[in-house]
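>>> Dropping the sequence and predicted coords here.
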Amino acid sequence: MSDDGLLQQRWVRLGASAAVVLVVLGAVGSMMFGWDLERLLTVGFVNRSLQMATPITLAAIGGLYAEKSGVFNIGLEGFMIIGAISTAGVLFALGGTTPSQGDIWIAMVAAVLVSLVLTAIFAVLLIDYQADQIVAGLAVWFIGLGFAPFVASLVWGSRNSPGLASIDNVTVPGLSEIPWIGPVVFDQSPLVLLTLVLVIASWVFLYRTRYGYWVQAAGENPKALDTAGVNVTRVRYATVLFSGAMAGFGGAVLLAHAGNFVGTGDTMVNGRGWIAIVAYLFGNYNPLGAAAAAVLFGGLDMLQVQFQTAGIDVPSRLVNLFPYVIVIVVLSVWGKTRMPSAVGESYDQEE
Amino acid sequence: MSSVSDTDESKSRLERIAGYLLDATVLERIGIAVGATAFALLIGLVIVALAGYDPFRFATQLVVGAFGSERAIARTLRFSTLFVLAGLAVAVAFRAGVFNIGVQGQFVVGGIACVMSIIWTAPYLPTGTVGGVLLIGIGVVNAIVFGGLYGALPGALKAYAGANEIITTIMLNFIAIGVVGWLVNGPFRGEEATSVRTEQLPDYVAFPQVVFSDPNFSVVGFGIAVLSVIGVAFVLTRTRYGYDMVTSGYQATAARFSGVDSKQTIVATMTLSGMIAGLTGAVFAIMIQGSYTDPAGIGNYGFDGIAVSLLAANNPIGVVPAGILFGGLESAGSHIQIRSDVPVQLINGIIGLVVLFVAVPELFRMIGARMGLGGDDR
Amino acid sequence: ADDEEGAEYNAAIISSPAGFDDNAFNDNARDGLREAAEEYDLDINDVEETEEAEYESVQAELAEQDLYDVIVMVGQQHYDPLVNNSETYPDQNWMLINDHVEGAANVSGWIEMNHEMSFLAGVAAGTLTTESIEHEGSSTNPDESVVGFVGGEDIDLINAFETSYIEGVEWVNDDAEVLTGYGGSFSDTSAANDVAASQIDDGADIVWHAASAAGGGAFSAAQSNDRFALGVDVDQSITEDQYADVILGSAVKALNEATYDVVTAAMDGDWGGVSGERNLSIEQGGIDFITGQEFEGSLPAALDENLEDAKDAFIAGEIELTCGPTGC
Amino acid sequence: MSTDNSTAVRLDGITKRFGDVVANDDVTFTLEEGTIHALLGENGSGKTTLMSVLYGLYQPTDGTIVVDGEEQSFASPRDAMAAGVGMIHQHFQLIEPMTVLQNVVLGHEPTKNGLVDEEAAREEITQISDRYGFDVARHLDTPVRDLDVGVQQRIEIVKSLYRGADVLILDEPTAVLTPQEVDALMEVMDDLRADGHSLIFITHKLDEALSAADQITVLRDGEAVGSVDSAETDERGLARMMVGREVLFDRLEREGEPGDPVLTASDLRVSGDRGVEQVADVDLTVREGEIFGIAGVQGNGQTELIEAITGLRSIDDGTIEFGGRDATEMSRRERIESGIAYVPEDRQKEGLVQEYDLVRNALLGNQTIEPFVDGALVDWPFVADHAESIVEEYDVQPPTTTSEASSLSGGNQQKFIVGREIERDPDLMVASHPTRGVDIGAIEFIHNRLIELRDRGVATLLVSSKLEEVRKLADRVAVMYEGEFVDIVDPGGVTEEEFGLLMTGHGVDEEVDPGPDLGIEDEEVTE
Ligand SMILES: Nc1ncnc2c1ncn2[C@@H]1O[C@H](COP(=O)(O)OP(=O)(O)OP(=O)(O)O)[C@@H](O)[C@H]1O
Ligand SMILES: Nc1ncnc2c1ncn2[C@@H]1O[C@H](COP(=O)(O)OP(=O)(O)OP(=O)(O)O)[C@@H](O)[C@H]1O
Ligand SMILES: [Mg+2]
Ligand SMILES: [Mg+2]
């Protein structure tokens, strides 16, 4: 399969170049400015980077499936907000301000269901009524930004929820003592591990199963898929629903890690849905690439925090912009992210 | 060819113009926009009712808040001025097939360029009306130049490096807000400022107050917006540059085959869009702020501009009513904020719904057909 | 409040750009009005305006209603617009928090000595990091003196908090190291969480935050890493009670008392008693550090001693801070 | 109506309406088992629509479909395929970035443990490919976009066979093939027929229909005009059935001699989109009053050559001189302004803006030309009048300039483009496949216009894959193969067979065995 071979090459290249950049940065920093690398690159840093990457990865995978099938779901950010508020709401309904760990899981499932229902409406408008995908996606964002704090106001009398509960790490006794690997793998949020599984599963699904072929075909040449006897509309419904569910799940994970809902400003989602879109474009629509890109963003973000903690004087406001600059530079140097050719076009089965 | 008499000719031209105006698609777009707004408001009212508030009161307050008093009208026009300009910036790009999501960033860059250029040159110019006019001119020109440059950047990256403009402009928004935020809190921080902002513009740098006495609104600002709309509409429909841009937007290959340099056109489009965004920033800074604050806390005019442009089907003229509608909603939001218990976030949600429904013309065609409107039974 | 024919008295409060529901600054100011409303026939209109550019017209619109006994404005961002509006509406009583308007008799301008409050938080953190405290699985490391500071946005106001906090820590504890960081947002809880967790990783056993609504992230980082945190503005072991087990105490300012005093003075027709420049300072008892709900009576005596010393030193004018209440 | 066992497909009284358009009007059509049945008709006569109905893409407004003796109602192609009907579309239905294997199995993937069983698929495709000598097996892991049209078409056929089609519909399969490839396709069709398959073969080329098919049905204006045995008719008879009048086929003799050179290109080297050299060291001269034809199989560098000359593609090496001036560095716009007109290959994407009405389309390319624009301002009334005159003079139907380009049929779109380009009053006309997919009436019209142009002394560069077109129009013909001119010949002095040999890289006098080998092999090219 030379196509995903090509894709793999690309994300390997991407990961490698990111690694090179980091290593060079580290070497230059430690030699010229006397950075204490041990203080910068801690286990906690790795864990936080992974946790930061998790919601982004989830939304990115959903988004890339939708786009692969020809529907640009630009509303990921909105669905993440919806996922977060739903989780918070259900969690509060189940256990007030002291919900149990079980409640968190139930709340996340509920959030995915809520996202699914709303995505279903979105999908009908997009697919059956041929809504403009960019516009409708932006609308989802506006709706999330408006209604999530509104709901919070109704439930808690405030745009922010009180503290609810955050999810506990899964700790494997003994194994978690292994240096480095132990705390990263065996004392880790179950959601990070689950995301890893989902990333691999979605890669296999996309490139090794018939349904994956259909998804790709729907985005490249829907008519060909149609004439092959596969219902394009159904494929697109499936991927759009999946994208909403995954973005909602991403929001749920964000909340489960944070432990409370914040609806002020751009809400607690704070642009992660947009980064998710960038992540999958950056990863060239490959789930593994998207995850790698998300980890790269997460890592850069957290590195900046490490700099602050280690007292390396950087204007954090400017350093925070680093990932955005990197995205622009990489896009310009590598150029061309080839979008599936039928993205944004609605498909008429007949007449 | 048969020769046609003069009167016939002019008559046929008139008919042609009338034909454009009565174009079914134009009427249809208007119908869709009205339908979408009405539908969204209806859903908003239902939600208000479900949340236990009085929907009729809410509806009344929407109207009163938008147009109920001189103050409300001034406020509506103030928001509308910015929405029209930002929407115009977006529309220009979308028309030409370039997705400039970066109007917010260009707006911020234009705004700070305007303020700083005025502050730095003010000491060398006379005070009073003459100085004010000169300084406003300098500020506006700088805003347009810097906004244009900041728009040209992603345009050039798209044209010459193939970088997807949707992504680069989103990134450049974050960067503009971050950098300008850092500037106004650091190097550009006003000496006497107690909060995070630049120095204030001299008080003779202001648009004259005519008709309305709102401190943050001047008819001049709205006039600038309307003139910009007319200018852009003229450029797009009457000049060959506009033809090149719009043609690229409809069908890039055909444009290229007709001799349009697609790369230059992309850059030109993004530059023009950025220039209008920059102008928006200048109007915001001069008419409303009088200084420049941390852009993280400034309204999302650039994003709202996307909604406005879409509601107007990316038509520059249509941006005016769409901008006024959004201005009215926003203004009603302010009013409701002050006069009612309904959480004001609802307004944002309703705007979201309006945008959502605008995206679905088919839905309204269907509703229209079912209700026996629209005429053609497809 | 709705504008139906209402109560005998009316007050309005306009939020800072961070908005209400921050469990801190804005809410603190509003609480004083709510207290007053329980005693008087008073209606409160809370107006959340997060856009600085709108303050001038919102203030004007409220004043124009000629209804409010006082209009409270939270945050120094209201200063510039108020300079105009206090003149345009001379009969309207205004209360400004974080600044005052020179020569305007209709304005009661309150400057909260944030730097003093931050200093007290620093004194508490610097003291407690050397003590051995254990509570519900969390503990300090008395052998090392490392504490953290988590800011929201990296702006002047919060920089002043940071610097004064560090000075407080160093005042009681010369060897202490203060790790500082900013999450970049007043609403992104997980950003604050990451900053705090990074500091705890690096040895901090107590973190204090000045991150408004995002500050909950700092508490949750302390909770999940078995360390402690300090609250800001109000007793956060009450407002963020699910973290009460890690909130040793909070540096507070009696903003609620100030708003209460001003609104009651306005209602009682005693505006003269509150107009002009006012301070919320240690000297006036408006700034303090209070122990968390779950730690009352259980914290080492050294804490109270050092806090008392610090307050006395302030009152005696012995402490000079680098930063002012809103910037350095 | 009864159907006996030897009938593979019977369409009975099929009517298909799109809104007001009646694409098929009570059409009855019978395909006998084990035969090839050609479907002829002008553009828009309803051929594709009729077949789409049979293939389940459209639901007929009225009428019945009987396949293998059973009445069928196909809700989708999947149903049609289940009944053994496969279709190879006019525009290939392939997914470019996916591999050949993925394309063939799409929708019918064999699976093992939930994953696609590539090995099983590979085996079965290889088997089909070997049986009919398709030679696609070695491409199985290549993305389709990297293969040329001929191979892509074979993939389409393999795809249908893989899906178990007994009845194969081929919609204009020969439009993009060389004579040799066409011959090979005919052989494949024969093999398929011998193997018991029944085929429907849509074409515009009368000779192909006559030689390949057992039976021929002609559609006109959506109605079936009649069905005949191919043995009982000839080209003239078919043409009359199609257009309802006599059509001239003869080569038109020229009057007058060519004049001075207008376009001279020397040592031209041009790369394609993928950076591979597509034009290798070409020299050419086109003179006043001359039509210079370029024949060749598509994909041998004609597109790149034309685009280099019209300024749409930068060149790697060489010079272009136009009207005595060095034009090598001229931009596309400058070339338009200096008098190069261009009828591009793809009228829908390149020649017109589909959503523009004809007035706005009339400005396309004229944006900088004087009476159309005055400085920066467009003189719209002038453009509108111009559009009207094009519509009138070039017989564009419907004759209104306010309709969107997309609402015109292909032939009418083409007439409009030809009109617009000719009305530029050019010194050089570059016409690329000017009559592709256009019906006979429109072809005749366009040809006459090009000849008129020549007679006015304009130099014309004509690229076409239709031999009869180049032979009819051109004064000299260059045959292009793998980026080079194999030869430049007088079209009158070369037979069609000889042309075909040149187009596959052989010299005219060379001895070759035109076997069933359809791939383009790396044989020596004679200069
Ligand atoms: N989807 C459609 N909607 C509306 N009209 C259509 C549609 N498809 C075809 N038509 C109309 O039906 C008629 C028949 O078109 P069809 O494509 O079947 O012609 P054709 O014989 O295949 O032409 P060609 O030889 O050019 O391929 C045309 O006039 C066309 O306008
Ligand atoms: N989806 C559609 N909706 C409306 N009309 C259509 C549609 N598809 C095709 N048509 C009509 O079909 C006609 C052209 O059909 P078609 O694409 O078959 O062109 P054509 O004449 O066959 O040209 P070509 O030879 O290039 O295929 C036009 O009149 C167009 O209006
Ligand atoms: Mg056709
Ligand atoms: Mg056809």
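In hand now; what should we look at? Ligands and ions are numbered 1, 2, ... in the order given.

>>> what's the nearest residue to residue B:79 if we skip its chain neighbours?
Nearest residue to residue B:79 in three dimensions, chain neighbours excluded: residue B:327, at 3.7 Å (C-beta to C-beta, 6 or more residues apart in numbering or on different chains). From N, CA and C alone the C-beta is placed, and that goes for glycine too.

>>> for residue D:490, that is, sorry about that
Excluding its sequence neighbours, the residue lying closest to residue D:490 (C-beta to C-beta, 6+ apart) is residue D:476, at 6.5 Å.

>>> do the same with residue B:335
Among residues not flanking residue B:335 along the chain, residue B:65 sits closest, at 2.7 Å (C-beta to C-beta, 6+ apart).

>>> Tell me if I am right that the residue nearest to residue B:79 is in a strand.
No: secondary structure of residue B:327 (DSSP: H, G, I helix; E, B strand; the rest coil): helix, not part of a strand.

>>> For burial, what's the neighbour tally of it?
Residue B:327 has 24 neighbouring residues, counting by other C-beta atoms under 10 Å in any protein chain shown.

>>> Could you pull out the helices in the stretch 251-400 of chain D for me?
Assigned by DSSP state H, counting those that start in this stretch, the stretch 251-400 of chain D shows helices spanning D:302-310, D:332-337, D:358-362, D:380-393.

>>> repeat for the stretch 51-200 of chain C
For the stretch 51-200 of chain C, the helices defined by DSSP H, counting those that start in this stretch cover C:55-64, C:79-88, C:114-128, C:156-172, C:189-201.

>>> do the same with the stretch 51-200 of chain B
Assigned by DSSP H, counting those that start in this stretch, the stretch 51-200 of chain B shows helices spanning B:55-67, B:70-95, B:103-121, B:128-161, B:165-185.

>>> The residue nearest to residue B:79 touches residue B:78, doesn't it?
Yes: applying C-beta atoms under 8 Å as the test, residue B:327 and residue B:78 come out as touching, 7.5 Å apart.

>>> Next, the buried residues of stretch D:62-70.
D:63, D:65, D:66, D:67, D:68 (16 or more other C-beta atoms under 10 Å in any protein chain shown).

>>> Now for the residue nearest to the third one when sequence neighbours are not counted, how many residues are close by?
Just to be clear, that refers to residue D:66. Spatial nearest neighbour of residue D:66, excluding adjacent residues (C-beta to C-beta, 6+ apart): residue D:10 at 4.2 Å. If you count neighbours by other C-beta under 10 Å, residue D:10 ends up with 21.

>>> what is the mean pLDDT for the helix or strand containing residue D:10?
Using DSSP states H and E, residue D:10 sits in strand D:7-18. Mean pLDDT, strand D:7-18: 93.

>>> Over to stretch C:48-66?
With pLDDT averaged residue by residue, stretch C:48-66 scores 88.

>>> okay, the residue positioned nearest the centre of chain D: pLDDT?
In chain D, the centroid-proximal residue (C-alpha atoms, centre = their mean) is residue D:175; its distance is 4.2 Å. pLDDT recorded at residue D:175 is 70.

>>> Pretty sure it sits against residue D:438.
No: Residue D:175 is beyond contact range of residue D:438, at 11.3 Å (criterion: C-beta under 8 Å).

>>> Write out the residues of the stretch 201-350 of chain B neighbouring chain C.
B:214-216, B:284, B:288-291, B:293-294, B:296-299, B:334, B:337-341, B:344 (C-beta under 8 Å from any C-beta of the partner chain).

>>> before we move on, what about the stretch 1-150 of chain B?
Residues of the stretch 1-150 of chain B lying close to chain C (C-beta under 8 Å from any C-beta) are B:71, B:75, B:78.

>>> and the strand holding residue D:10, which residues are buried?
Quick answer for strand D:7-18 (16+ other C-beta under 10 Å): D:7, D:8, D:9, D:10, D:11, D:12, D:14, D:15, D:16.

>>> Below-threshold pLDDT in chain A: ranges please.
Scanning chain A for pLDDT under 70 picks out A:1-19, A:22, A:34, A:334-338, A:349-351.

>>> what residue lies at the spatial centre of it?
Note: chain A centre (C-alpha atoms, centre = their mean) maps to residue A:56, 2.2 Å.

>>> List the contacts of that residue.
A:250, A:272, A:275, A:276, A:279, A:294, A:297, A:298 (C-beta atoms under 8 Å, 6 or more residues apart in numbering or on different chains).

>>> so can I have a markdown table of the residues you listed showing distance to residue A:347, secondary structure and neighbour count?
Formatted as a markdown table, the contacts of residue A:56 follow (distance: C-beta to C-beta, whole Å; DSSP: H, G, I helix; E, B strand; the rest coil; neighbours: other C-beta atoms under 10 Å in any protein chain shown):
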| residue | distance to residue A:347 | secondary structure | neighbour count |
| --- | --- | --- | --- |
| A:250 | 27 | helix | 34 |
| A:272 | 30 | helix | 31 |
| A:275 | 29 | helix | 29 |
| A:276 | 25 | helix | 31 |
| A:279 | 27 | helix | 29 |
| A:294 | 30 | helix | 32 |
| A:297 | 33 | helix | 28 |
| A:298 | 36 | helix | 25 |
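
>>> still on that earlier bit, which neighbours in the sheet does the strand holding residue D:10 have, and how are they oriented?
With DSSP bridges as the test, strand D:7-18 is paired with strand D:21-32 (antiparallel), strand D:62-67 (antiparallel).

>>> And the contacts of the shortest one?
Contacts of strand D:62-67 with the rest of the structure, by C-beta under 8 Å, 6+ apart, involve D:3, D:7-15, D:26-27, D:53-54, D:71-74, D:83-85, D:167.

>>> ok, residue A:88 - contacts?
A:107, A:152, A:161, A:164, A:255, A:260, A:261.

>>> Okay, and the beta partners of residue C:280?
For residue C:280, the beta-bridge partners are residue C:112 (DSSP bridges).

>>> For residue B:305, give me its contacts.
Going by C-beta under 8 Å, 6+ apart, residue B:305 touches B:83, B:85, B:86, B:87, B:88, B:89, B:90, B:103, B:277, B:280.

>>> Is it correct that the last one falls within a strand?
No: going by three-state DSSP, the assignment for residue B:280 is helix, not a strand.

>>> which element is the nearest residue to residue A:127 once chain neighbours are set aside on?
Sequence neighbours aside, residue A:236 is the residue nearest to residue A:127 in space, at 5.4 Å (criterion: C-beta to C-beta, 6+ apart). In this assignment (DSSP H and E), residue A:236 forms part of helix A:232-258.

>>> For that helix, list every residue counted as buried.
Within helix A:232-258, the residues scored as buried using 16+ other C-beta under 10 Å are A:232-233, A:235-258.

>>> what does stretch A:192-207 give?
By neighbour count on 16+ other C-beta under 10 Å, the buried set for stretch A:192-207 is A:192, A:193, A:195, A:196, A:198, A:199, A:202, A:203, A:205, A:206, A:207.

>>> Inside helices: which ones of these?
Judged by DSSP state H, those include A:192, A:193, A:195, A:196, A:198, A:199, A:202, A:203, A:205, A:206, A:207 as members of helices.

>>> From chain C, how far out is the second one?
In this case it means residue A:193. Separation of residue A:193 from chain C (C-beta to the nearest C-beta, to the nearest Å): 17 Å.

>>> pretty sure that residue is touching residue A:170, no?
Yes: in this structure residue A:193 lies within contact range of residue A:170 using C-beta under 8 Å: 7.0 Å.

>>> just the strands in the stretch 401-527 of chain D please.
If DSSP state E, counting those that start in this stretch is used as the criterion, the strands of the stretch 401-527 of chain D fall at D:428-432, D:459-463, D:476-481, D:484-489.

>>> how distant is the last one from the center of its chain?
I take that to be strand D:484-489. 23 Å (C-alpha atoms, centre = their mean, to the nearest Å).

>>> Direction included, what does it pair up with?
Looking at strand D:484-489 with DSSP bridges, its partner strands are strand D:476-481 (antiparallel).

>>> Please save the CA atoms from the partner strand in CSV.
Listed next in CSV are the C-alpha coordinates belonging to strand D:476-481 (Å, rounded to 0.1, in the frame of the first residue of the first chain):
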residue,chain,number,x,y,z
ARG,D,476,1.0,19.3,-41.9
VAL,D,477,0.8,16.8,-39.0
ALA,D,478,3.5,16.1,-36.4
VAL,D,479,3.1,12.8,-34.6
MET,D,480,4.1,13.0,-31.0
TYR,D,481,5.3,10.1,-29.0
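
>>> All set, thanks.
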